[in-house]
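J.: Starting from these lines, generate the structure:
(chains A and B)
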Amino acid sequence: MILSVFHETRYSYDAPMRGAVQSLRLFPSRFDGQQVIEWEVSVDNGVRGGRFRDGAGDQVEGWSVRGPLSEVVVRVSGRVATEDLAGVLRGHREQILPAAYLRPTLPTHPDPGLRELANGEAAGGADALDRAHRLAEAVAEAIAYRPGVTHAHTTAAEALALGEGVCQDHAHALIACARLLDMPARYVSGYLLATEDGTPHEAAHAWAEIHVQGLGWVGFDAANGCCPDARYLRLGSGADARDAAPIRGVALGPGSERLDVTVAVEQAQQ
Amino acid sequence: MDGTFFNEMYHDGAVRTPYARLEDWMRAMPAELRQMKQAEAEALFRRIGITFAVYGEGGDPDRLIPFDMFPRVFSQAEWRKLEHGIKQRARALNAFLMDVYGRGEILRAGRVPAHLVLGNEAYERAVAGIFPARGVYSHIVGVDLVRTGPDEFFVLEDNCRTPSGVSYMLENREIMMRMFPTLFRENRIEPVDGYPDLLRRTLASVAPQKCDREPTIAILTPGHFNSAYYEHSFLADLMGVELVEGPDLFVEGGFVWMRTTEGPKKVDVIYRRVDDAFLDPLCFRPDSMLGVPGLMDVYRSGGVTIASAPGAGVADDKAIYTYVPDMIRFYLGEEPLLQNVPTWQCARPEDLKYVLAHLPELVVKEVHGSGGYGMLVGPRASAEQIEHFRARLLRHPDNYIAQPTLSLSTTPTFVEEGIAPRHVDLRPYALVGERVELVPGGLTRVALTEGSLVVNSSQGGGVKDTWVLAE
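T.: This is a model prediction of the structure:
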C-alpha cells in the first residue's frame, strides 16, 4: 500500500518571540515494512541543523528559526510504500538493548489498578507473544475510546481509573502493564490511514511496541484492537509519549502559544 | 595516639621518609606563629572568595572550608603506584561507557548485570549509539581513595560526571607557597599548577572532527548561585576560556554559538558544570532554564563535544562500583592495580542478611546519594540510629550498599591543643583525552573532629595541601 501524508503543525504566538529551536523526529522508520518514495520536512524560515540516527534507530533533525517571529510552521509531506508485517518491526537497525525499556516513567508509573490489569488473565498467556496480545486486549477492554476526557499529561493509572481515553492513554497503559510483566515496552508515534468504515481515530497516531523474545519488537495498537499493518506509518519511539514526541521545541519570548495541527493520511494511487 | 590506624608520618616508632623534613618544621614552629599563620591563611582564602562546599554537599555556601596547614605527603614511588592505578581505572570506566552506550558486550557477556546499567537512573538512552570524539565519555575522573597501611590503598568511589574540588587543590598549594616559601625550597615538591593548562589541552584534544581550527572551549556554569561557581570562574580564568551560562549560547545550523560583542562565535568543546537533567530542555527536563535548547541534537550530530558526556554518571553509580575491577579485566585484560573496598549489595538477599546482622561494624551508604547525609557509620552510631537505619534498609534494600568500616590513615593536623593525627582521604583528578594524565597531587580532605572518619565538608571536614615529592 502507498500512503501519502500531509502534516502541518502551526505554532502561533500572540507576541513576537526571540527565536525558536526544534528537534524533529518526523521521518519514516527504516525497516522491511516501509519504503520511502519521497519525504520532505521543512520549517518555514528555518535553518536546518544537524541530522543523525539515534540509538533507537530514529532519524532526528534539529531546526532553528531566528526571531522576531510570530509563528513556527512545520511541514511534512511524502509518500511511503508500506507492507503488512503483522506488527513485527523486521529489519529495523537500532543499538539500544531492549532491557533499557523496562524502567517506568512518570506517565507509565504502575499503580494497584495497573498491577491488577497486568496480573489478570494476560499473565497466564502461553508464551510472551500470547501474553502481549492478551494484555493489549485487556487494555482495550479497560479503557474505552473517547476523545476529550484525557489530556497530554494524563497518566496510564489515571486513564485506567477513568476507563476512557485516546490512543496515547491506551499505549501508556499497555506499556506500563508489559513492563510489570518484565517485557520491555515502548511508545511509538506515527500516522494511520483513515478506515473506510468510518471508525473514529486520530490520523496522527500512537501505539505501543513490546519486545518479544525471538521476534523482536512487535507493535500493538490497543486503541484499534490490532497490530500495525500496511495502514500504519511508523516515525519513532520513546519510553513514553513525551519521549517519543515527533516534535519537541521551545520558542523564547513572552508570547503564549496556540497550536493548530492538520494531518491527512491517504492511500495514494499506484 | 590511636595505634590501630596507619599514621602516614609516624610508623613503627620512626618518622617515615616523605615526612622527614616536616618534623623539624613542625617542632620549630612556636604556637604564636602557628596561630598567626592560620589566621593569615584564613584571610587569604576569604580574600580570594573560595568558600564553596565541595562535591555538592550543600551546607552554608559562604562558609569557609577549614584549611589545615600541615601538608599531606607522598613519595614519588607511592605516587607512581597511585597514578598507574588511577589511569587504569579511568581507561576502564571510559571503555565501559563506550560499551554500554554501544554494543553492550559486557552486559551480553553477563559480567555486569544488564538491569543495573539499563535500569539505572543515570543511563541516558539519548546518547546510545553516539561515538564521542576519541571515544571519551568522562573527561575528568575524580577517584576517591583512602589508605589503611603503608601499601594499602582502596578506591572509595569514582566520580565520572563533573567532580569538583580541584580549585582547592590549586589554592591550597598557592597559599602554602605564599606562607611557607622556605618549605618549598627545602622539599622538592612536584608542582600542580599545570592543571589548568593540562585540562585545556585535554579538552582541545577531544574537539569534534568537524572542527578544523584551534578549538574554542567554554565552561558552562549554572550561574553564580551555584555553590561551585567560584571554581567554574577560577578554572575559566586560569585556562583562558570563556565562562558562559545557558542563555549565552544558542544553536543554529548544527553548531553551538556563543554570543559575543563581536558577533556569534562557534563553540567546539563545552566543559559543562550543569547536571544532565538541565542541559537541554528539548531532550531532558523541559522546564530547565540553565541549559541550551537543541544542544543535544548538535552533540549527537557531531557538532560539539560535551565534557563530560551526558550519561557518564552510569559508570560512577555506587551499584556499578562493585564491578569496576571486572571492567578492568574485561576491557584492558589487566589485573586492577587499585583495590575496591569490599562491598555488600543490599539488593541481594544474602548480602542484606549479612548487613542487617552486622550493622554496628559497617558503613551503610545510599546507592545514589552523595555527601554523608544518607549514611550510617556503624561503630560511631547510637543504638537508636542503628535501629532507625535498619528500618530504612528493610523498606528499600535496593537503595543501599554496605562496606566494612575502614581504618582510614591519619596525618598530623593542627588542632586546638597543638598537633594531633586526623583521618584523611584523597581525590586525584585524571584527565582523559588523547591521553590519560594527572598532575601529581590531588585534594586531601581531613576529618577535623577527633576520631571522626567522615571527611565531608558538611560534617566538619577540612582540606590540606597534598605533596608529591620529586625523586
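J.: tell me the contacts of the residue most central in space within chain B?
T.: Central residue of chain B (Cα atoms, centre = their mean): residue B:142, 3.4 Å from the mean position. By Cβ atoms under 8 Å, 6 or more residues apart in numbering or on different chains, the contact set of residue B:142 is B:158-159, B:163, B:165, B:427-430. The way it works is simple: take the backbone N, C-alpha and C, and place the C-beta from them, glycine included.
J.: and it, that one's in a helix?
T.: No: applying DSSP: H, G, I helix; E, B strand; the rest coil, one finds residue B:142 to be strand, outside a helix.
J.: Distance-wise, check the residue lying closest to residue B:44 once chain neighbours are set aside relative to residue A:77.
T.: Distances taken as Cβ to Cβ, 6 or more residues apart in numbering or on different chains put residue B:175 closest to residue B:44, at 5.2 Å, once the chain neighbours are dropped. Using Cβ to Cβ, to the nearest Å, one gets 66 Å for the distance from residue B:175 to residue A:77.
J.: Same check on residue B:346?
T.: From residue B:346 to residue A:77 the distance is 55 Å (Cβ to Cβ).
J.: Residue numbers of chain B in contact with chain A?
T.: B:101-104, B:107, B:114-115, B:118-119, B:123, B:125-130, B:250-254, B:281-283, B:286, B:293-294, B:296-298, B:300-303 (Cβ under 8 Å from any Cβ of the partner chain).
J.: neighbour count winner among residue B:346 and residue A:77?
T.: Neighbours were counted for residue B:346 and for residue A:77 using other Cβ atoms under 10 Å in any protein chain shown; residue B:346 has more, 25 against 15.
J.: Contacts only, for whichever residue of the stretch 301-450 of chain B sits closest to chain A.
T.: Residue nearest to chain A within the stretch 301-450 of chain B: residue B:301 (2.6 Å; Cβ to the nearest Cβ). Contact partners of residue B:301, counting by Cβ under 8 Å, 6+ apart, are A:49-52, A:62, B:254.
J.: Turn these into CSV, including neighbour count.
T.: Below are the contacts of residue B:301 laid out as CSV (neighbours: other Cβ atoms under 10 Å in any protein chain shown):
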residue, neighbour count
A:49, 24
A:50, 24
A:51, 17
A:52, 19
A:62, 29
B:254, 22
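J.: Secondary structure and distance to residue B:86 added to the residues you listed, as JSON lines?
T.: JSON lines is the format used below for the contacts of residue B:301 (DSSP: H, G, I helix; E, B strand; the rest coil; distance: Cβ to Cβ, whole Å):
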{"residue": "A:49", "secondary structure": "strand", "distance to residue B:86": "38"}
{"residue": "A:50", "secondary structure": "strand", "distance to residue B:86": "35"}
{"residue": "A:51", "secondary structure": "strand", "distance to residue B:86": "39"}
{"residue": "A:52", "secondary structure": "strand", "distance to residue B:86": "34"}
{"residue": "A:62", "secondary structure": "strand", "distance to residue B:86": "37"}
{"residue": "B:254", "secondary structure": "coil", "distance to residue B:86": "36"}
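J.: Quick one: which of these has the lowest pLDDT value?
T.: The member of the contacts of residue B:301 with the lowest pLDDT is residue A:50, at 92.
J.: Tell me if I'm right that that one and residue B:295 touch.
T.: No: Residue A:50 lies out of contact with residue B:295 (Cβ atoms under 8 Å); the separation is 10.8 Å.
J.: And the pLDDT at the residue of the stretch 301-450 of chain B closest to chain A?
T.: pLDDT at residue B:301 comes out at 96.
J.: what do you get for residue B:372?
T.: Reported pLDDT for residue B:372: 52.
J.: Which ones among the residues of chain B next to chain A lie within helices?
T.: B:107, B:114-115, B:118, B:296-298, B:300 (DSSP state H).
J.: For the residues you listed, work out which two are farthest apart.
T.: B:115 and B:298 (31.6 Å; Cβ to Cβ).
J.: So between those two, which is more surrounded?
T.: A direct count of neighbours by other Cβ under 10 Å for residue B:115 and residue B:298 places residue B:298 higher, at 27 against 15.
J.: ok, now how distant is that one from residue A:247?
T.: For residue B:298, the distance to residue A:247 - Cβ to Cβ - is 18 Å.
J.: Also residue B:72?
T.: For residue B:72 relative to residue A:247 (Cβ to Cβ), the value is 55 Å.
J.: More neighbours: which of these two?
T.: Each of residue B:72 and residue A:247 has its neighbours counted (other Cβ under 10 Å); residue B:72 has more, 27 against 21.
J.: distance of that one from chain A?
T.: Residue B:72 sits 42 Å away from chain A, going by Cβ to the nearest Cβ, to the nearest Å.
J.: Then residue B:153?
T.: 35 Å.
J.: sorry, back to before: which of the residues of chain B next to chain A are buried? Put it as a PyMOL command.
T.: In PyMOL, a selection of the buried entries from the residues of chain B next to chain A looks like this (16 or more other Cβ atoms under 10 Å in any protein chain shown):
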select buried, chain B and resi 101+104+107+114+118+119+123+125+126+127+128+129+130+250+251+252+254+281+282+283+293+294+296+297+298+300+301+302+303
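J.: ok, and the closest non-adjacent residue to residue 149?
T.: No chain was given, so I picked chain A. Closest residue to residue A:149 apart from its sequence neighbours, by Cβ to Cβ, 6+ apart: residue A:164 at 4.8 Å.
J.: oops, chain B please
T.: residue B:6 is the one closest to residue B:149 (Cβ to Cβ, 6+ apart), at 4.9 Å.
J.: For chain B, just list every one of the helices.
T.: Under DSSP H, chain B gives helices at B:20-28, B:31-48, B:76-100, B:105-108, B:114-118, B:166-179, B:181-186, B:195-204, B:229-239, B:295-300, B:318-321, B:324-327, B:349-357, B:383-395.
J.: If you could redo that for chain A, that was the one I meant.
T.: Under DSSP H, chain A gives helices at A:112-118, A:128-142, A:156-162, A:167-180.
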